[in-house]
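> build me a model from this:
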Amino acid sequence: MNEIKKILNYKDVGLRIRLEREKLGLSREKFAELIGLSSFYIGQLERGDRKMSVDTLANISKTLNVSVDYLLYGYNYYMENIKVSEAIDDIYRVSIDNEIKELLDILKGSSKEQISLLKDIYKLILPSIKK
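Got it, this is the predicted structure:
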């Protein structure tokens, strides 16, 4: 349990809750009413003075239309992973595109017989490369 205290900064979580609530133009009282909690309890959460249950966190997240990971850590872990994955895919595509371009450049300067020979060689070595 002590590890969770080190990982989560409850004051930051509370600040993000307050900022998102204010972005929606909700008073603490109106927000508390929407999620079925007291405004006093919401104040404690927003100051980081009190921990909340997973159910309360999920309810707050849904009401504020933000992800739980954003409330807890300040970013959307899922979206960050998608961005990283897309960046890796882009790098891979560029790398493959460059390889294909290089192969096409080689083939452009080759005769029909050379291309046929290269194709046969490729077919022969492909099974051993795939292993």
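
> tell me the mean pLDDT for stretch 46-60?
Average pLDDT, stretch 46-60: 96.

> mind checking the end-to-end distance for it?
End-to-end span of stretch 46-60 (C-alpha to C-alpha, to the nearest Å): 11 Å.

> what does stretch 39-56 give?
One end of stretch 39-56 sits 14 Å from the other (C-alpha to C-alpha).

> give the contact list for the closest residue to residue 29 other than its chain neighbours.
Among residues not flanking residue 29 along the chain, residue 39 sits closest, at 4.6 Å (C-beta to C-beta, 6 or more residues apart in numbering). (Each C-beta comes from the backbone N, C-alpha and C, glycine too.) Each residue near residue 39 by C-beta atoms under 8 Å, 6 or more residues apart in numbering is listed here: 28-29, 31-32.

> what do you get if the cut-off is 6 Å, keeping everything else the same?
When contacts are counted by C-beta atoms under 6 Å, 6 or more residues apart in numbering, residue 39 touches 28-29, 32.

> tell me the pLDDT at it?
96.

> ramachandran coordinates for it?
Backbone torsions of residue 39, given as degrees, to the nearest 10, read phi -70, psi -30.

> now, the contacts of residue 39 that are in strands?
Within those, no residue falls in strands by DSSP state E.

> would you mind checking these for buried ones?
Neighbour counting by 16 or more other C-beta atoms under 10 Å classes 28, 32 among these as buried.

> rewinding a little: so how far is residue 72 from the residue nearest to residue 29?
Distance, residue 39 to residue 72, by C-beta to C-beta, to the nearest Å: 22 Å.

> ok, residue 24 next?
Relative to residue 72, residue 24 is positioned 19 Å away (C-beta to C-beta).

> looking at the two, which is more packed in?
Between residue 24 and residue 72, counted using other C-beta atoms under 10 Å, residue 72 has the larger neighbour count: 18 against 12.

> averaged pLDDT, the strand or helix carrying the more buried one. What do you get?
For residue 72, the host element (DSSP states H and E) is helix 68-73. Averaged over helix 68-73, pLDDT sits at 89.

> repeat that for stretch 115-131.
In the prediction, stretch 115-131 has an average pLDDT of 85.

> can I get the CA coordinates of that stretch in CSV?
Extracted in CSV, the C-alpha atoms of stretch 115-131 (Å, rounded to 0.1, in the frame of the first residue of the first chain):
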residue,chain,number,x,y,z
ILE,A,115,15.8,-9.4,-63.3
SER,A,116,14.7,-12.9,-64.0
LEU,A,117,17.8,-14.3,-62.4
LEU,A,118,17.4,-12.1,-59.3
LYS,A,119,13.8,-13.2,-59.0
ASP,A,120,14.9,-16.9,-59.1
ILE,A,121,17.6,-16.3,-56.6
TYR,A,122,15.2,-14.5,-54.3
LYS,A,123,12.7,-17.4,-54.5
LEU,A,124,15.5,-19.9,-53.6
ILE,A,125,16.8,-18.0,-50.6
LEU,A,126,13.5,-16.7,-49.2
PRO,A,127,12.6,-20.0,-47.3
SER,A,128,15.9,-19.8,-45.4
ILE,A,129,15.5,-16.1,-44.7
LYS,A,130,12.0,-16.6,-43.2
LYS,A,131,13.3,-19.1,-40.6
